[in-house]
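> Have a look at this prediction, sequence included:
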Amino acid sequence: MNARNMIPHLPDMPERLAASALVNGEEAAWEQADCAAVIEWLRQASYAVLGFELWLSKEGGITTFINTLSDRVFYCASCDPHKDESWDDYVQRSARLATEGIAAFRWPEDSIEGPDIAYFNLTWANREWFQARKEYMGS
């Protein structure tokens, strides 16, 4: 199976982007430096970025937080469509917010663990997914 087939729901993603993904089950994450290119591809393919979540690869598994002296730090964000926002506007806005949010990530200064490679799990959807969900929810 090639890397392209390992990322669910994106059969046409360029091989270089698919190959750089950290895949866990049905989800994929990319290193911070690669996220802008992935988000740009999603934007051009008319996928909205519903949100992102920090992933750290630890001892053969995934953790979604960083231990600090004071607490656990979670780094995630979501982007819902605005009422009466066009699909294209939502796609553009969600891509911009995800790109900015991921670029802004910095390893916490009070971390009690080393600065590992930060991956960001991206969640995306196309217009058809939203239309089907809207019909299912009775809206």
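Cool, the structure landed.
> quick one: residue 74 from residue 40, how far?
Separation of residue 74 from residue 40 (Cβ to Cβ, to the nearest Å) stands at 25 Å. Using the backbone N, CA and C atoms, a C-beta is placed for each residue, glycine as well.
> brain fart, residue 46
Relative to residue 40, and taking Cβ to Cβ, residue 46 is found at 12 Å.
> again, but for residue 123
Distance from residue 123 to residue 40, counting by Cβ to Cβ: 16 Å.
> Who has more neighbours out of the two?
Each of residue 123 and residue 40 has its neighbours counted (other Cβ atoms under 10 Å); residue 123 has more, 16 against 13.
> All the strands of this structure, residue numbers only.
Taking DSSP state E to define them, one finds strands in the chain at 22-24, 27-31, 48-58, 61-63, 66-67, 72-73, 76-78, 119-125.
> How far off centre is the first one?
Its chain's C-alpha centre and that of strand 22-24 lie 12 Å apart, by Cα atoms, centre = their mean, to the nearest Å.
> tell me what that strand is packed against?
In terms of contacts (3 or more Cβ pairs under 8 Å, 6 or more residues apart in numbering; DSSP states H and E), strand 22-24 is packed against strand 27-31, strand 48-58.
> and the longest one with strand 119-125, angle?
It stands for strand 48-58. 150 degrees (axes from the mean of the first three to the mean of the last three Cα atoms, to 10 degrees).
> swap in the shortest one?
Compare the direction of strand 27-31 with that of strand 119-125 by the same axes, to 10 degrees and you get 130 degrees.
> Pull up the pairing partners for strand 27-31, direction included.
With DSSP bridges as the test, strand 27-31 is paired with strand 22-24 (antiparallel), strand 119-125 (antiparallel).
> Repeat that for the last one.
According to DSSP bridges, strand 48-58 forms sheet pairs with strand 61-63 (antiparallel), strand 76-78 (antiparallel), strand 119-125 (antiparallel).
> So for residue 92, which of these sits nearest?
Checking the strands paired with strand 48-58 against residue 92 by Cβ to Cβ gives strand 119-125 as the closest, at 13.7 Å.
> quick one: buried residues of the closest one?
If you call a residue buried by 16 or more other Cβ atoms under 10 Å, then strand 119-125 has these buried ones: 119-125.
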